[in-house]
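Asks: How does the following fold in three dimensions:
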Amino acid sequence: MGESLTLPCPRPTAHIAVDHYSAVHLAAETARAVAGQCGLPGALPDRAAVIASELASNLANHATNGALFIQALPLGGGMEIVAADHGPGIGELHQCLTDGYTTGSTLGAGLGAVRRIATTLTIRTAPGDGTLVSARLTAPDTAASADQEAGAICVPADREQTSGDGCALADHGSARTALVVDGLGHGPHAAEAAQVALRSFHRGPDAPLPEILTGLHRALRRTRGAAVGLLRLHPERAEYCGVGNVRVVTLTSLGPGHRLSGQPGIAGLNMTPPQVRTFPVPPDGTVLLHSDGVDHRWAQAPSAFVRRLPPSLLAASLVHSHRLPRDDATVLAARPRQRLP
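Replies: Next up, the predicted model:
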């Protein structure tokens, strides 16, 4: 079916609450470590640390309820650092993006330095809605990886070290296939179930969705089981196949569209024959998969600011604003892959 690009063993997102300047050092060291895990060569891990330091400093100095999310790109090829806050927004964004403009003493020189160092930089800000910043960093020969129209955040419940959720994304031909898995409960045993499901998914992400789900069901039999959502995006339509409480929502600038959840059951324990449901994807539509660690009421009336977010920021926005702290939380947002020439 053409080229296949997958991320074999995605790690959970590093989630750093930034409510004090003391978090800046942790952010920088975490970014440096993630860059190394992603295989970024040469001085790129140090540059990742500078980006994280700048974004964390901005949050500490200017924002309310700020956080950084640091992880590998959903389809591999690099890493990203996403900053989210509920602050006043950036009033003079153009000026703040000028290299050398800074309001504090930091490792670099403000957002201008972040824009210069990062492979891509995406910012959305508005009074009352806060600010979201995504800085993606890749090696020079994989710069196209930074343009992937997908975002994913997977964080553990508060006071847990591992996430019982997992997610994965794979491109093959003109299609894009996504998985969100939610191991029952949370903690190490839920994480084990999630990892088993991820390994099963990556053995054949281009197979028909019922075949993938049946394979996941078999693989999960020796675990506590999981809720599973599988999504396949084609240029103008999508297919969904799932079991349990993993939701799918289509979002456009006008508001939410199709909303679906999995059929009753638990993958690995009890599951009826998988069914595939198909729905259209509008040209500006983003399709989201999310676990029940994100309050489903976010889709009742999302603001215009949220409706217009690109996938790279949308996943972070929902986790930052609607995560249920006592549960693992995952959001995967993606648009259909562009047709190959």
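Asks: The residue lying closest to residue 150 once chain neighbours are set aside pairs with what?
Replies: Using CB to CB, 6 or more residues apart in numbering and skipping residues adjacent in sequence, the residue nearest residue 150 is residue 334, 4.1 Å away. Where you see a C-beta, it was placed from the backbone N, CA and C, and this is true even at glycine. Beta-bridge pairing for residue 334 (DSSP bridges): residue 150, residue 287.
Asks: Show the pLDDT at residue 334.
Replies: Predicted confidence (pLDDT) for residue 334: 97.
Asks: Could you tell me which ranges of the stretch 1-150 of the chain sit under the pLDDT cut-off?
Replies: 1-10, 99-109 (pLDDT under 70).
Asks: buried stuff in the longest helix belonging to the chain?
Replies: Looking across the chain with DSSP state H, the single longest helix is helix 44-62. In terms of neighbour count (16 or more other CB atoms under 10 Å), helix 44-62 has its buried residues at 44-45, 47-62.
Asks: Are there helices or strands packed against it, and which ones?
Replies: strand 14-18, helix 23-37, strand 66-72, strand 78-85, helix 110-117, strand 130-138 (3 or more CB pairs under 8 Å, 6 or more residues apart in numbering; DSSP states H and E).
Asks: Quick one: the strands in the stretch 201-341 of the chain, in order.
Replies: Assigned by DSSP state E, counting those that start in this stretch, the strands in the stretch 201-341 of the chain fall at 226-233, 237-243, 247-252, 255-261, 265-266, 270-271, 277-280, 286-290, 329-334.
Asks: Please save the CA atoms from stretch 76-96 in CSV.
Replies: Extracted as CSV, the C-alpha positions of stretch 76-96 are listed here (Å, rounded to 0.1, in the frame of the first residue of the first chain):
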residue,chain,number,x,y,z
GLY,A,76,8.4,10.3,14.4
GLY,A,77,11.2,12.3,12.8
GLY,A,78,11.8,14.7,15.6
MET,A,79,10.3,16.2,18.8
GLU,A,80,7.9,19.0,19.9
ILE,A,81,7.6,21.3,22.9
VAL,A,82,4.1,22.6,23.4
ALA,A,83,3.3,25.4,25.9
ALA,A,84,-0.2,26.0,27.1
ASP,A,85,-1.6,28.6,29.5
HIS,A,86,-4.7,30.4,30.7
GLY,A,87,-3.0,33.8,30.8
PRO,A,88,-4.0,37.1,29.3
GLY,A,89,-2.7,36.3,25.8
ILE,A,90,0.1,38.0,23.9
GLY,A,91,-0.9,41.5,22.9
GLU,A,92,2.1,42.3,20.7
LEU,A,93,2.8,39.0,19.1
HIS,A,94,4.7,40.5,16.1
GLN,A,95,7.0,42.4,18.4
CYS,A,96,7.5,39.3,20.7
